[in-house]
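next comes the sequence, and after it the predicted model I'd like to discuss.
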Amino acid sequence: MCTENYDACYPDQPVVDRYLPVWAKLPAFAAKPAFVWADDDAASTRTALTYAQLDATAACMARNLLAGTGTGSLRRGDAVLVLASPGLRLVKLLFACQRAGLTAVPVVPPDDPATLSGPAHAHLLRAVSQARPAAAVADAGYIDAVAKAVASSVAGGENARLAAMLGSLRWLAVDELERVCDGPQTPYVGCGPDDVYLIQYTSGATGVPRPVVVTAGSAAHNVRAARKAYDLHPGSVVVSWLPQYHDCGLMFLLLTVVAGATCVLAAPGAFVRRPDLWLELVSEFGATCTPVPSFALPLVLRRGQRRRPLQLGSLRNLILINEPIYESRVGEFVEAFRCHGLRAASVSPSYGLAENCTFVSTAWRPSACSESDRLPSYMKLLPSARLSPAAANEVPAEIEIAVVDEGTGEPVEDGVEGEIWVSSPSNASGYLGHPSASREVFCARVPGRTGACFVRTGDRGVVRGAERYLYVVGRSADVLALDAGRRHVHTHYVETAAFGSASGRLRGGCVAAFATSSSTPWSRSQIGVVAVVAELQKGSAGVGDHRGLCDGIRAAVWREEGVRVGLVALVDGGVVPKTTSGKLRRGAAREMLAAGKLSLVFETRYDDCDGSVAGVRGEEEETAAKSGASWLEGEGGETGMATEAFGSASRRLRLQSFL
């Protein structure tokens, strides 16, 4: 069912919210669940939200959002900080903001609102400072906790600025917004295609999280493209535990409504507590599609505690995101669950990033139905796109992917690694309050392509084979330049080799590799060395031969990747810094290690390292250091978003891929 419209009588809408009244008026859809909340093991606790209910609630909440009087009222175009807990209320609120013509700024609520400190509150301060919201929406209990924290804050203290900002906001309780509306319905005042619908933050994996400006039209285009690529339709059932605040987790809410499908939701914490809940929900609801980060597969294999039998034969689309996507890990997962009906043909490696709303491409073929139609691998990885003319139906032509030489912008030949650039109507408008960064990142030009603006993703890829498969091999910011710059290795290969040397003692996805700079105090006289920071399994810090473990890590990295490790540091579980979506923050780990802020269990330094790491991209780090503080306030105090056509990029900024 690869058609743009499912019924000629109901053409595609300019913004996603306008699909809701269409579905709500159809008898076959009015009582159909649009979303189901299933956050625990008890089937009796499932809560459904039908298309008719979602449409009515979005209209009611939108009216209540705009119902204030005087200076405290919200107006169309205002920014609203969204701090609601994951669940159906958050779903309703996100659609209500679009129905009201407001700009949603979703932020994960800090676990402890009373402290006003820590990384989560630092991000909250960033969001409030940059977006300048007119109001904040949260659960009533959270609002009370914030009010107490603000009242007890010490003037001039470390958290005084955040307390002052939170105290000056107009706070709205989600349950109050859901109250029944009185009076006649008002005309539709929702977002137009060119109106800003969302400020979503990049993951922060390679730098400070950046506020991406997304218009309602770009978001609608992006989910329509994803709908066609994944062949979703009203008969599709999605299961997702991804964070609903940004990127893939948020866009699958929109994608569900555009497709007229049903989406079963759970909180990320539910998956972390018991990973098998994910597959049990797929089985219980007969899901046809489920998006997960690639690290979820080995996590399920290691921590599986199934309480119910599985039937996975309904799954057509196992969407894998959060590159790199290793063929061996996918193969092990498919083999482990083949007896439960999982098919290799359902594997859908995909690629995207916040700067293109989310979706860019997938290597999945809707017509694939045989186990012999397997995806080829390159450098141990599966592809994330097919760029051949034969793939035009699955990868919309208006989403153009180019692999280019970073210095010239010229397309490289197939088989040559380069930077991935993306041009499409899904491209976001830029970074809030940072017009110069927006020009540099969102308006790159490919020579000979007059008028087309490309987003510089900061990801590196290579195109290979007759079908021109695109392999996303890593991020430019994480490349190790070895042998005086003559050889380059992506850090995730070093991390994979390190973990494989002692998978029983180390935590998967919690090994970070990076190059040190000459200024690192513990690097002695070396120009720069490769360091590996590895988390031990919980409860194992005081047991085992730590020196032998470090030596084994070093030997495995040399044997498999030809990289000499100069330092191995073992730390407790939960120490290696990550983003909210589980991505390693290698730069932050390097800074913490250099500053002595990592709580080490054991470390080993190797003086026989030849010091052949060619620096750590010092110019980029210097640029990042100078610009990091500016991301809090904007350039020169600017908070507006410049959206005019910009010139070509003059220097490189690194981005974060989605999830």
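Perfect, thanks for sending it.

using PDB, list the CA coordinates for stretch 457-469.
What follows is stretch 457-469, C-alpha atoms only, in PDB (Å, rounded to 0.1, in the frame of the first residue of the first chain):
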ATOM      1  CA  THR A 457      24.800  16.300   9.200                       C
ATOM      2  CA  GLY A 458      28.300  15.800  10.600                       C
ATOM      3  CA  ASP A 459      27.800  12.000   9.900                       C
ATOM      4  CA  ARG A 460      30.100  10.100   7.600                       C
ATOM      5  CA  GLY A 461      29.000   7.600   5.100                       C
ATOM      6  CA  VAL A 462      29.800   5.600   2.000                       C
ATOM      7  CA  VAL A 463      27.700   4.400  -0.900                       C
ATOM      8  CA  ARG A 464      28.400   1.000  -2.300                       C
ATOM      9  CA  GLY A 465      26.900  -1.700  -4.600                       C
ATOM     10  CA  ALA A 466      24.600  -1.700  -7.600                       C
ATOM     11  CA  GLU A 467      21.700  -0.600  -5.500                       C
ATOM     12  CA  ARG A 468      23.900   2.200  -4.100                       C
ATOM     13  CA  TYR A 469      23.300   1.300  -0.400                       C
END
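
so for stretch 96-103, mean pLDDT?
Averaged over stretch 96-103, pLDDT sits at 96.

can you give me how far that stretch is from the chain middle?
23 Å (Cα atoms, centre = their mean, to the nearest Å).

again, but for stretch 35-47
The mean C-alpha position of stretch 35-47 is separated from the chain mean by 25 Å, Cα atoms, centre = their mean.

least confident secondary structure element in this structure?
helix 618-628 (a mean of 42; mean pLDDT, DSSP states H and E).

all strands of the stretch 151-300 of the chain, in order?
Using DSSP state E, counting those that start in this stretch, the strands of the stretch 151-300 of the chain run over 170-173, 196-201, 211-215, 237-240, 262-265, 289-293.

sheet partners, orientation included, of the third one?
Put plainly, it is strand 211-215. With DSSP bridges as the test, strand 211-215 is paired with strand 196-201 (antiparallel), strand 430-431 (antiparallel).

and the last one, average pLDDT?
When pLDDT is averaged along strand 430-431, the result is 97.

ditto for the first one
What strand 196-201 shows for mean pLDDT is 96.

make residue 1 into 12 and carry on from there
With the count now opening at 12, the last piece we talked about shows up as strand 207-212.

got the CA positions of that strand in CSV?
Extracted C-alpha coordinates of strand 207-212, given in CSV (Å, rounded to 0.1, in the frame of the first residue of the first chain):
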residue,chain,number,x,y,z
VAL,A,207,6.9,27.1,14.0
TYR,A,208,5.3,24.1,15.6
LEU,A,209,8.2,22.7,17.6
ILE,A,210,11.6,23.5,19.2
GLN,A,211,13.3,20.1,19.6
TYR,A,212,16.8,19.7,21.0
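
please identify the buried residues of it?
With burial defined by 16 or more other Cβ atoms under 10 Å, the residues of strand 207-212 counted as buried are Val207, Tyr208, Leu209, Ile210, Gln211, Tyr212. Yep, even glycine has a C-beta here, placed from its N, CA and C like the rest.

check stretch 472-480 too.
For stretch 472-480, using 16+ other Cβ under 10 Å, the buried residues are Gly472, Val473, Val474, Arg475, Gly476, Glu478, Arg479, Tyr480.

was I right to think the first one contacts Val484?
Yes - because the distance of 6.1 Å satisfies Cβ atoms under 8 Å, Gly472 is recorded as touching Val484.

which neighbours do the two share?
Glu428 (Cβ atoms under 8 Å, 6 or more residues apart in numbering).

and the chain, what are its domain boundaries?
Following the TED database, the chain resolves into domains at 27-284, 396-486, 490-616.

for the helix or strand containing Asp155, packing partners?
Taking DSSP states H and E as the definition, Asp155 sits inside helix 151-163. On a contact count with 3 or more Cβ pairs under 8 Å, 6 or more residues apart in numbering; DSSP states H and E, helix 151-163 meets helix 171-179, strand 181-184, helix 185-188.
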